[in-house]
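Enquirer: got a predicted structure here, sequence first:
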Amino acid sequence: MRASRTLVAAFAGMGAQASVVPALLPAWSQRAGDGVLAAVPAMFAGLFVGVLAAVPVLARFGPGRVLRGSTAAQALALVGLALAGRGTTAGSVRAVVVVAAVSGVAFGVTESATSLAARAGAGTDRRLGGLLAVSAATAAVLPVLAFAATRAGVADAALLVAAIPATVVALRPAVGTRSPASPVAPAPSAVPAGGTSGTVTSAVRPPGGPGREPGPDRQPEEAAVTSTASAPSGPPGRGGLVRVLAPAGVALALYVGVETVLSGWSAVLVHDLLGADPALAALGASAFWVLMSAGRAWGARTRGGVMVRALVATGLFVCAAAGGRAPVAVVAACAATVLVVAPAYPRLLGAALDRLDGPSAVRWTGPLVAAGAAGGSLLPALVLRLGPPSSAPTRGSGPL
């Protein structure tokens, strides 16, 4: 029971981080300038590092001890963001970006540890599904709190509330669910993202990372890993691995990159394109998570191919990028993109892992997740190089 409560709090903490940071970006941007928008790619860069670092750390110390340390780092990073976000100087902007990157590292390690801890015992898929639902629900609620806090003139207080679940986990006794000698490759559970996105991330796609789930917004990837039981026996050769892993890695990087743009700057897009004040714009992050959850529920009931979804989503995303003079149409296209791509991450990952034998699937899950996290950092960084993530006249012209 204690382990279950600890995992619930940990997933809630990932969902909170994945949504509260994007929700506060308009307020920070209005206070200190567009430089704070770099917090999104910085957080996913940290997630990338965290996912990679988690594998040897989990193998040495086990998920219980690692989870306490990573959630403590999450909580401290969120408090640091609350302090850094109050500044208006160039130094405070740099502090926000650096602390966001640190929070991403902690998020990535937490996501890996929770994915491993949640896999102990029977009913893994059902358990992960419930935990991801907790993460997504928390991610949808926190921007509402950010809205109220911003209206009250204490926007950064939302970060302190978001740090509560991680603090609870850090202060609880360690949850040992598997010996360090039998590590499992991390699988995204929430975003950052997104995912967070997921996620995102949703890698271990808040849930769902990632992205995020980077980071709280993705379906359980455990099903993708365990489904490899029916994969062809025998490890594939080097050429076979390249044919499977290269397209999957590119697809995951592009997917997580697009999701990170939409989730990480969801509130910024509402602020810039629709002219909403920073408080009201915070609800854009909540809308993203509601749409993501609805898209996953819809996707679970349909059999649309991944490639079809990818093509439709690409078309919608291009329409959004090209529609700078029609702000409402841009927001509508972004919303439709979220609905279409919501179920894509676990299907992309599962499609790749299903073509590998069991040991190869376990070995390559981590690198595939890391490829997604890299896309979650690189694509938003490219968008920032081209211009701010909006086409609002007051903030310049950009690709979205």
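Expert: Now that the structure is in, tell me what you want to look at.

Enquirer: residues near Ser385, how many?
Expert: Rather than Ser, residue 385 is Arg. 8 (other Cβ atoms under 10 Å). Using the backbone N, CA and C atoms, a C-beta is placed for each residue, glycine as well.

Enquirer: how near is it to Gly372?
Expert: 21 Å (Cβ to Cβ, to the nearest Å).

Enquirer: and for Leu274?
Expert: Counting by Cβ to Cβ, the gap from Leu274 to Gly372 is 29 Å.

Enquirer: equivalent analysis for Val338, please.
Expert: Counting by Cβ to Cβ - Val338 and Gly372 are separated by 16 Å.

Enquirer: neighbour count for those two, which is higher?
Expert: For the pair Val338 and Gly372, the greater number of neighbours falls to Gly372 (46 against 27), based on other Cβ under 10 Å.

Enquirer: the more buried one contacts Leu252, correct?
Expert: Yes: assessed by Cβ atoms under 8 Å, Gly372 is found in contact with Leu252 at 4.0 Å.

Enquirer: got phi/psi on Ser115?
Expert: The phi and psi torsions at Ser115 (degrees, to the nearest 10) take the values phi -60, psi -40.

Enquirer: for the stretch 201-350 of the chain, what spans make up the helices?
Expert: 222-226, 238-264, 266-274, 278-281, 283-299, 306-322, 327-341, 344-353 (DSSP state H, counting those that start in this stretch).

Enquirer: for Val40, find the nearest of those.
Expert: The minimum distance between Val40 and the helices of the stretch 201-350 of the chain falls on helix 238-264, with 3.4 Å, by Cβ to Cβ.

Enquirer: if you count neighbours, what's buried in that closest one?
Expert: Buried residues in helix 238-264, defined by neighbour count with 16 or more other Cβ atoms under 10 Å: 241, 244-245, 248-249, 251-264.

Enquirer: same question for stretch 331-340.
Expert: Quick answer for stretch 331-340 (16+ other Cβ under 10 Å): 331, 333-340.

Enquirer: out of these, who's nearest Val169?
Expert: Val338 (28.8 Å).

Enquirer: pretty sure that closest one is touching Met292, no?
Expert: Yes: taking contacts as Cβ under 8 Å, Val338 lies within contact range of Met292: 5.8 Å.

Enquirer: if we can go back for a sec, and the helices of the stretch 201-350 of the chain as CSV, adding distance to Ala18?
Expert: Output for these, formatted as CSV (distance: least, Cβ to Cβ, whole Å):
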stretch, distance to Ala18
helix 222-226, 20
helix 238-264, 7
helix 266-274, 11
helix 278-281, 17
helix 283-299, 8
helix 306-322, 20
helix 327-341, 14
helix 344-353, 14
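
Enquirer: Ala90 - how many residues pack around it?
Expert: 11.

Enquirer: what packs against the helix or strand harbouring Gly104?
Expert: Element membership for Gly104, per DSSP states H and E: helix 90-118. Under the contact definition 3 or more Cβ pairs under 8 Å, 6 or more residues apart in numbering; DSSP states H and E, helix 90-118 sits against helix 2-32, helix 39-84, helix 124-151.

Enquirer: which of those helices is buried the deepest?
Expert: Highest mean neighbour count among these (mean count of other Cβ atoms under 10 Å): helix 2-32, with a mean of 28.

Enquirer: list the helices and strands that helix packs on?
Expert: Under the contact criterion of 3+ Cβ pairs under 8 Å, 6+ apart, helix 2-32 touches helix 39-84, helix 90-118, helix 124-151, helix 157-171, helix 238-264, helix 266-274, helix 278-281, helix 283-299.

Enquirer: one step back: so which of the helices and strands packed on helix 90-118 is nearest Pro367?
Expert: Per Cβ to Cβ, nearest to Pro367 of the helices and strands packed on helix 90-118: helix 39-84, 8.7 Å.

Enquirer: I'd like the mean pLDDT over the closest one, please.
Expert: Helix 39-84 shows a mean pLDDT of 91.

Enquirer: which residues touch the closest residue to Thr89 other than its chain neighbours?
Expert: Using Cβ to Cβ, 6 or more residues apart in numbering and skipping the chain neighbours, the partner closest in space to Thr89 is Ala32 (7.4 Å). If you count contacts by Cβ atoms under 8 Å, 6 or more residues apart in numbering, Ala32 has them with 87-89, 92-93, 96.

Enquirer: can you pick the most crowded of the residues you listed?
Expert: Busiest of those [other Cβ under 10 Å] is Val96, holding 28 neighbours.

Enquirer: is it true that it touches Val36?
Expert: Yes: judged on Cβ under 8 Å, Val96 makes contact with Val36 at a distance of 5.1 Å.

Enquirer: what is in contact with those two at once?
Expert: Contacts common to Val96 and Val36, judged by Cβ under 8 Å, 6+ apart, are 28, 85.
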